[in-house]
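Visitor: sequence unknown, structure follows:
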């Protein structure tokens, strides 16, 4: 078996590209998922997403009730309607794969089951660091569960 020289690059992409965005969309240069930042290529900049429909990787899940565009603190609050008994969920910005403005749809890279199992929405806790850590941690764990080669 041939050994690789650790001082030599072996065709790996530059981890710092696109203004500090990682080589993989939605991933920081260190290779970790950033739940609280919209991906540059998602098409979210300067747009109010309230009222847009939300599509999980396996179907519709509801409608955006409110959208935050705070730096390193962005998220969507989605009203799931009858799908999970009128429950609202908070979906971190990093899960937004892309937005179709013509169709007024936001596509996220999580399944219905992953979103349904997420920590319960708490309108009083969106600024609470413990709630944000719990929610970001949950979606970070589900990020690693996405099969390689699928849209992230």
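Guide: Cool, the structure landed. Just so it is clear, the structure is predicted and the values come from calculations on it, not from any experiment.
Visitor: and the pLDDT at the residue nearest the centre of the chain?
Guide: The centre of the chain sits closest to residue 95, judged by C-alpha atoms, centre = their mean, with a distance of 1.3 Å. The pLDDT attached to residue 95 in the predicted structure is 95.
Visitor: that one - nearest residue in space that isn't next to it in sequence?
Guide: Nearest-residue entry for residue 95: residue 108, 4.5 Å, with adjacent residues in sequence omitted and distances by C-beta to C-beta, 6 or more residues apart in numbering. Where C-beta positions appear, they are placed from N, C-alpha and C, glycine not excepted.
Visitor: what residues are up against the nearest residue to residue 96 once chain neighbours are set aside?
Guide: With C-beta to C-beta, 6+ apart as the measure, residue 42 is the residue that lies nearest to residue 96, at 4.8 Å, once sequence neighbours are left out. If a contact means C-beta atoms under 8 Å, 6 or more residues apart in numbering, then residue 42 has 96, 97, 98, 99 as its contacts.
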